[in-house]
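S.K.: I'd like to go over a predicted model; first the sequence, then the structure.
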Amino acid sequence: MQVYPFFVTHAGCPQRCLFCRQEVISGVGDSAQPGDVGAALEKVLPERGDGEVAFYGGSFTLQPAARQIAFFEAVRPYLESGRLGGIRISTRPDGLDPSQVDLLRRHGVRTVEIGCQSFAPEVLETCRRGYQAEAVVQAAARVRAAGLRLGLQLMPGLPGGGPREAFESLARALALKPDFLRIYPAVVLKGTGLERLWRQGGFRPLELEEAVEVCAEMLWICHGAGVPVIRMGLQATTGLNDGSVIAAGPYHPAFGQLVRSQLWQRALRRATLQGECEISVHPADFSDAIGHRRKNLQVLQSEFGFIEITRDERIPRGALACSRGRFPIMDLAFYED
């Protein structure tokens, strides 16, 4: 689905969470204003379309109702003319009481993304989230009852958490039957409380390889649950890519590919252990299969000697073919209980 994002940077947020600097995450300094929306949409919308306008980067539903409605009114002509299919907003779970959800439903909101980050009490408290995990459960139920699509955002590797907490939070998130997930491993941004905690020695972020391992298994679990993960890792921006806003942590501009490639490496290793050294994949999967900068090929060739991966359009996406047949990589990349 095509999404047309606007960033309402920190708008509505009751406090600054320990890890957050939305202006550097989004790469957009100034918060969007209702008066900006129409002109921007005129430039990008097709004559007919089912995309969504998205308001990210703050706690949308904790803004005054009049300001929320001003944004909705700016979008309404494009919904009525069929150039858009709906509105998407991102907010906190404690910003979704019954009246707030009803406001969204009455103004064309189709998708609600809830920033959960974690379900662990110690993580929520340390990160100054200001609510308990039960608030997520109740908010998700209200969103569902209103007939809206539900997205959940998780952030493994926050203070008080770790791999085990990440998997436990994922299990609780999946129990809420979301339509999709986003997973962002925690990165230490300069100027945040998390940076101060890290510099004082009170926090160790996940290493990049550790974050990739954790997120690969999380992606595999989500696949088994039938829940798509629409984003892994922070969207690349100039400040993130040149490192000027990062103090520490597992940021990589191609983090999603690293995660997918990790699953391909597991699948290819199992195939190779069974004697397969000539493997074909769909052309669109080739880059993930050989790995970022051909890492998978290098690792597997160092372990097993000759292995060849070729492109074949006849192979379904997400599968590999070898002399014994075709196999979904998610089956071959399985994790033990």
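M.R.: Okay, I see it. Residues are numbered from 1 along each chain as shown.

S.K.: contacts, neighbours, all on C-alpha from now
M.R.: OK.

S.K.: Okay, and the spatially closest residue to Glu47 that is not a sequence neighbour sits in which element?
M.R.: The shortest distance from Glu47 to any non-neighbouring residue, by Cα to Cα, 6 or more residues apart in numbering, is to Arg83 (5.5 Å). Of the helices and strands defined by DSSP states H and E, none includes Arg83.

S.K.: Arg83: what's it in contact with?
M.R.: Leu45, Pro46, Glu47, Arg48, Gly49, Asp50, Gly51 (Cα atoms under 8 Å, 6 or more residues apart in numbering).

S.K.: mind running it again at 10 Å?
M.R.: Leu41, Glu42, Leu45, Pro46, Glu47, Arg48, Gly49, Asp50, Gly51, Glu52, Pro77 (Cα atoms under 10 Å, 6 or more residues apart in numbering).

S.K.: I'd like the distance between it and Phe71.
M.R.: Per Cα to Cα, to the nearest Å, Arg83 is found 16 Å from Phe71.

S.K.: ditto for Asn296
M.R.: Counting by Cα to Cα, the gap from Asn296 to Phe71 is 46 Å.

S.K.: which residues sit in contact with Thr237?
M.R.: Thr237 sits in contact with Val24, Ile25, Ser26, Gly27, Val28, Gly243, Pro253, where contact means Cα under 10 Å, 6+ apart.

S.K.: hang on, the earlier thing: out of the contacts of Arg83, give me the one that has the most neighbours.
M.R.: Glu52 (23 neighbours; other Cα atoms under 10 Å).

S.K.: ok, it - contacts?
M.R.: 1-5, 75, 79, 83-89, 109-111.

S.K.: again, but for Ile89
M.R.: So Ile89 contacts 5-6, 52-61, 104, 109-114, 151 (Cα under 10 Å, 6+ apart).

S.K.: Please narrow these to those residing in strands.
M.R.: With strands taken from DSSP state E, the overlap with these comprises 5-6, 52-56, 109-114, 151.

S.K.: so Gly51 sits right up against Leu41, yeah?
M.R.: No: with contact defined as Cα atoms under 10 Å, Gly51 does not reach Leu41; the gap is 11.4 Å.

S.K.: Show me what the least confident helix or strand in the chain by mean pLDDT packs onto, helices and strands only.
M.R.: When each helix and strand of the chain is scored by mean pLDDT, DSSP states H and E, helix 22-26 comes last, with a mean of 81. Here helix 22-26 touches strand 3-7, helix 238-241, going by 3 or more Cα pairs under 10 Å, 6 or more residues apart in numbering; DSSP states H and E.

S.K.: Contacts for the last one, please.
M.R.: Helix 238-241 is contacted from outside by 24-27, 189, 234-235, 244-246, 251-253, using Cα under 10 Å, 6+ apart.

S.K.: Name the residues of it that come out as buried.
M.R.: Leu240 (16 or more other Cα atoms under 10 Å).

S.K.: same thing with the first one?
M.R.: For strand 3-7, a neighbour-count test (16+ other Cα under 10 Å) marks Tyr4, Pro5, Phe6, Phe7 as buried.

S.K.: List the buried residues in the helix or strand just after the least confident helix or strand of the chain.
M.R.: Where DSSP H and E defines the elements, the next helix or strand beyond helix 22-26 is helix 34-44. Of the residues in helix 34-44, Pro34, Val37, Gly38, Leu41 count as buried by neighbour count, 16+ other Cα under 10 Å.

S.K.: Would you map the strands across the chain?
M.R.: According to DSSP E, the strands that the chain contains are 3-7, 52-56, 86-91, 109-117, 149-154, 180-183, 188-189, 229-232, 246-248, 278-281, 308-311, 319-322, 325-328.

S.K.: and the angle from the longest one to strand 86-91?
M.R.: Between strand 109-117 and strand 86-91, the angle formed by their directions is 20 degrees, by axes from the mean of the first three to the mean of the last three Cα atoms, to 10 degrees.

S.K.: Let me see the contact set for Ile246.
M.R.: Counted by Cα under 10 Å, 6+ apart, Ile246 has contacts Val24, Val187, Val188, Leu189, Lys190, Gly191, Glu195, Gly239, Leu240.

S.K.: who does it bridge with?
M.R.: Leu189 (DSSP bridges).

S.K.: and which of the contacts of Thr237 is nearest Ala216?
M.R.: Pro253 (16.2 Å; Cα to Cα).

S.K.: ok, back up a step: buried members of the contacts of Glu52 into ChimeraX, please.
M.R.: Selection command for ChimeraX covering only the buried members of the contacts of Glu52, criterion 16+ other Cα under 10 Å:
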select :4,5,75,79,83,84,85,86,87,88,89,109,110,111
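
S.K.: Would you list the buried entries among the contacts of helix 238-241?
M.R.: With burial judged by 16+ other Cα under 10 Å, the buried subset of the contacts of helix 238-241 is Val24, Ile25, Ser26, Leu189, Leu234, Gln235, Val245, Ile246, Tyr251, His252.
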